[in-house]
Structure formats: structure tokens, C-alpha cells
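Student: Sequence below, structure please.
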Amino acid sequence: MSLADAVIPGRPVAVAPGVHWVGALDPEMRQFDIILRTANGTSYNAYAVRGHNGVAVIDTVKEDFAGDFFARLWACCKPEEIRAIVLNHLEPDHSGALPELLAAAPQAPLYISRPALGMLKGLLKDGLDPERIVAVTDDTRVELGGRSLRFLPTPYLHWPDTQCTWVEEDGLLFSGDVFGCHFCDARLFNDRAGDFRFSFDYYYQHIMRPFREFVLQALALIEPLPIRLIAPAHGPVLRDHPQTYVRRYRQLAEPLLANEAAGRDKTLLVFYISAYGNTARMAQAVRDGAEGVEGVRVSLYDLVGGEPGPFADLIEEADGLLFGSPTINGDAVKPVWDLLSSLTLVKVKGKLGGAFGSYGWSGEAVGLIEDRLRGLKLRVPRSGVKVKLIPTAEELAECAGFGRDLAEQLVGRAGPRHIDFTAPQALSA
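Tutor: Got it, this is the predicted structure:
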């Protein structure tokens, strides 16, 4: 391994002629933003881009690592050479060293996205001269002499303020969190570092997946570019076949399951778990009722037989979601909550939802599930079905009617139902 390919304390790493990595490594990080596990730590990537007339600094690092950042930055330029400071994203792991950098290079304007303006006020409590702030647009250019920067809006990947910076003369994409991952390797480059494929996909699933429509919008801007190198804000610098990672995002963002009905059918998923078979019988009746509605394809899943993760792909493409659970100790059972909690990573807003289940004493599970579905912004057009202990033939018929009603809602054949929350059923549900 060449020294040029490795991170050495205090030294910048050349990623292209006149372009240096000036970030920091955090190999001991094991959990990021509470929700992400980081078995290999992470890196905080920042870059210095030199032109004939000066230097642009793109992103900084987490405040605790500011010393590493400035040691590398001042090794490749002087403070007075800095002509521009660019923040692709204002989250603290990218902006922690910003106040010190602004003070060290008072001549340099700060280039940020327009949505970042409001966030900047919360970041810099002492304020910043408005004359130094440039809210960029698609037409903004930063000329460095022989090199120019322009900006690609990539909102909600994964904050409202995120953007990419493009050096068109060299085909360099400074992508912010897009195409990044939490994987720390001192060899820095994708063709030298260890196998980080799992970390790349894991990062996408937890950070980008909830904003899939914005991923697709960003890809529409990025895919036509003649990219030679992608420099993300975390993880390896992608210099070897960078378009492979763009294509991987396309694969991850596109629907994973082909709809053999070519979009003609609506899809309804029925998830259930059953302690003594009662909720299972209800689930089967719900399915049977829904299947009687033309244009609706119904799938039934027993949560005892599966982990929540693989169901996420199904849920993302479905039109309606129903959940069946018995009530145990005044609550729905854990596998149901595990699946519901996983839906924060999937776009479910506007999907149809509903709940059903058997109970022995009080029957709170159905109402609790419905509350969670509403909290996730699903449509819950009617109250669920609760059955005490073993369902009778009449109660199973009610379950079938419940499934039929919701299936008709999916295909637009049923009028909207208005739930009276003062009614005893609504209050007890």
C-alpha cells in the first residue's frame, strides 16, 4: 500500500490533482445518531480543492476532531488562500469545525443551500455577517481559476438542506451524505479499503430509504454527469468505478418486486400473530373477505414465521396494511410492535391501514395498533374488529366484511367512513 493511499496523522491525502482529503477518522465509533450501528467506526470527510486563484474547503468535521482537520488543512493551504467555504450539509458531524474555520479565513464566503439558512442561525449562536453567506441556486458558480464549483440540490438526503458540489472540469462529485457509509478505513479509497458493501447498503436503508422519492430526484441530476470520482462525507472515497455506486442507488431506490399484474391490482397485506389460533382464524376470514373484491391482491403473513426486516420491501410497495394481534397484558404483542417500529424506514404515508384481534379481558391491542397507524400517517377508514376469545361463525363473517370493506376502499368502490370517537366502540378500541 502506497503512503499516498493511507491516512497519516497530520497529513492531507491527495484524491485528485490539487484536491485533498482533510477529514478525520473515528474508528472507535460504534453507534451513530442513536439508530445506526457502526461496527467499523466512521470517517468525517472534508476536502480542499485548489484552483489557480485559491482554495475551496468543502465541509468540515465533528467538533471533537477539529484538531485533525486543521492540521491537514493547513498542511495543504494557508488560511488567506481560502476563497470559499462550502457546507453541503449542516449536521454537526459536518459543521463542527465551521466556527473556527470562519474565524481563520474571514475573507471566505460561506456557500450553503437556501434551506440551510434557517438552520445556520441555530448552529452559529453568535451570528454571522450576512454578507458572508451565499444561498446557492442551480446557477451559482464559484470560480477558483481553472476549476469551478456548481451545486446540485438534493433535499432530504437526508436533511432538508443537503446538496452536492460538482467540479465539472474534473468530474468530481462531492456528494455529502449521498453515496456515503459509516466505514472507517485508513486506506481511504474504495479500491484499497476493506469490503464495505454491507455498510453502504445499511447506510442507505437507514438514512436514505425513507426519502426514496428524493433519491430518485437526485439520481435524475447525478446520473447524466461524467463522474470520475465521488467524494462522500462518510466512508471510502469512490475513485474506482464510481458509477457502480450510482447504479446501486438506482437498484435500491427502484421497486424491488415486479408487479406481475402490471399495476392493475391493488395490494393488501395482512400480518397477524396468534396465541391460540383465534386471531389466526380472524386473519383468514379477513383475507377471504378481501379476496372477494375484484382488483385486490391479498397476501397473508404469520409474524411467528418471519423477521420484520424482509417485510419492509413488501410493505413499501403495498397499498394497504392490516395487522392482527391478540391482547396480552393490555397490549399488542411484541412482534407486531417490532414490525410497526420498522415502518419508520419505509414510506407508508397515505396507505390504507387497519387492525383486528381476539382478546380475553380488555382488548386494547386493536386500538393501540390503530393509534400507531394514524401516527405513521396511514389512513384508517374504519374501526377494527375485536372478538372475545373464540370467534363464532357470525364474528368470522364480521371479519370477512371488515376485509371486504377495506378492499373496496382500496379500489374506490366504498364511500369514506367517518368514525364517531365518542361511540363506546371507538373509546374502547
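Student: doesn't Val142 make contact with Gly51?
Tutor: No: using CB atoms under 8 Å, Gly51 is not in contact with Val142; the gap is 9.1 Å. C-betas here are computed from N, CA, C, even on glycine.
Student: what touches both of the two?
Tutor: 83, 148 (CB atoms under 8 Å, 6 or more residues apart in numbering).
Student: residues of the longest helix seen in the chain that come out buried?
Tutor: Taking DSSP state H as the criterion, the chain has its longest helix at helix 393-411. Residues of helix 393-411 classed as buried by neighbour count (16 or more other CB atoms under 10 Å): 395-396, 398-400, 402-410.
Student: Then stretch 116-125?
Tutor: Going by 16+ other CB under 10 Å, stretch 116-125 has these buried residues: 116, 119-120, 123.
Student: repeat for stretch 17-36
Tutor: Residues of stretch 17-36 classed as buried: 18-26, 29, 32, 36 (neighbour count, 16+ other CB under 10 Å).
Student: Mind putting those residues into CSV with pLDDT and distance to Leu340?
Tutor: Shown next, in CSV, are the buried residues of stretch 17-36 (pLDDT from 0 to 100; distance: CB to CB, whole Å):
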residue, pLDDT, distance to Leu340
Gly18, 96, 51
Val19, 97, 46
His20, 97, 46
Trp21, 98, 41
Val22, 97, 43
Gly23, 97, 38
Ala24, 96, 38
Leu25, 95, 37
Asp26, 94, 33
Met29, 77, 29
Phe32, 71, 24
Leu36, 72, 20
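Student: Closest to Leu268 out of the residues you listed?
Tutor: Closest approach between those and Leu268, by CB to CB: Leu36, at 32.3 Å.
Student: distance of that closest one from Phe214?
Tutor: 19 Å (CB to CB, to the nearest Å).
Student: can you tell me which of the buried residues of helix 393-411 lies nearest to Lys62?
Tutor: The closest of the buried residues of helix 393-411 to Lys62 turns out to be Leu410 (CB to CB; 46.5 Å).
Student: In contact with that closest one, which residues?
Tutor: Per CB under 8 Å, 6+ apart, neighbours of Leu410: 266, 268, 293, 295-296, 319-320, 352.
Student: Quick check: the farthest pair among these?
Tutor: Gly295 and Leu352 (13.8 Å).
Student: Show me which of these two is the more surrounded one.
Tutor: Neighbours around Gly295 and Leu352, counted as other CB atoms under 10 Å, are more numerous at Leu352. The numbers are 20 against 14.
Student: Sketch out the low-pLDDT regions of the chain for me.
Tutor: Scanning the chain for pLDDT under 70 picks out 1-6, 33-35, 125, 255-264, 306, 414-429.
Student: Domain ranges for it, per the record?
Tutor: 3-253, 266-428 (automatic domain parsing).
Student: Any chance you could list what contacts whichever helix or strand Val15 is part of?
Tutor: Assigned by DSSP states H and E, Val15 belongs to strand 13-16. Residues from elsewhere that reach strand 13-16 (CB under 8 Å, 6+ apart): 4-7, 20-21, 47, 170, 172, 188-189, 228-229, 231, 237, 239.
Student: next one: stretch 204-215
Tutor: Outside stretch 204-215, the residues that reach it (CB under 8 Å, 6+ apart) are 35-36, 154-158, 177-178, 249, 252-253, 316, 344-347.
Student: So how do I select the buried members of these in PyMOL?
Tutor: Command for PyMOL that selects the buried part of these, burial taken from 16+ other CB under 10 Å:
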select buried, resi 36+154+155+156+157+158+177+178+249+252+253+316+345+346+347
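Student: Now go through the contacts of stretch 204-215 and say which are in helices.
Tutor: 249, 252-253, 316.
Student: Make JSON lines from the residues you listed and add distance to Ser199 to it.
Tutor: Converted to JSON lines, the ones in helices among the contacts of stretch 204-215 look like this (distance: CB to CB, whole Å):
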{"residue": "Tyr249", "distance to Ser199": "14"}
{"residue": "Leu252", "distance to Ser199": "14"}
{"residue": "Ala253", "distance to Ser199": "18"}
{"residue": "Glu316", "distance to Ser199": "22"}
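Student: Looking at the residues you listed, spot the one nearest Thr60.
Tutor: The shortest approach to Thr60 among those belongs to Tyr249, at 25.1 Å (CB to CB).
Student: How much space separates the closest one from Ala193?
Tutor: Tyr249 is 19 Å from Ala193, where distance means CB to CB.
Student: do Ala48 as well
Tutor: 21 Å.
Student: Compute the number of surrounding residues for Met282.
Tutor: 29.
Student: That one contacts Leu389, doesn't it?
Tutor: No: checked against CB under 8 Å, the pair Met282 and Leu389 is beyond contact range at 11.5 Å.
Student: Give the intersection of the neighbour lists for those two.
Tutor: Joint contacts of Met282 and Leu389 (CB under 8 Å, 6+ apart) are Ser358.
Student: all strands in the stretch 1-150 of the chain, in order from the N-terminus.
Tutor: Assigned by DSSP state E, counting those that start in this stretch, the strands in the stretch 1-150 of the chain fall at 13-16, 19-21, 24-26, 31-32, 36-37, 42-44, 47-51, 54-58, 82-86, 110-113, 133-136, 141-143, 148-153.
Student: Helices of the stretch 101-250 of the chain, start to end?
Tutor: Applying DSSP state H, counting those that start in this stretch to the stretch 101-250 of the chain gives helices spanning 116-123, 197-203, 212-222, 243-253.
Student: so can I have TSV of those showing distance to Phe69?
Tutor: Below are these laid out as TSV (distance: least, CB to CB, whole Å):
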stretch	distance to Phe69
helix 116-123	17
helix 197-203	22
helix 212-222	27
helix 243-253	25
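Student: of all the ones you listed, which lies closest to Gly384?
Tutor: For Gly384, the closest of the helices of the stretch 101-250 of the chain is helix 212-222, at 28.7 Å, according to CB to CB.
Student: Report the buried residues of that closest one.
Tutor: 212, 214-215, 217-219, 222.
Student: which residue sits closest to Gly194, ignoring its sequence neighbours?
Tutor: Using CB to CB, 6 or more residues apart in numbering and skipping the chain neighbours, the partner closest in space to Gly194 is Asp185 (5.6 Å).
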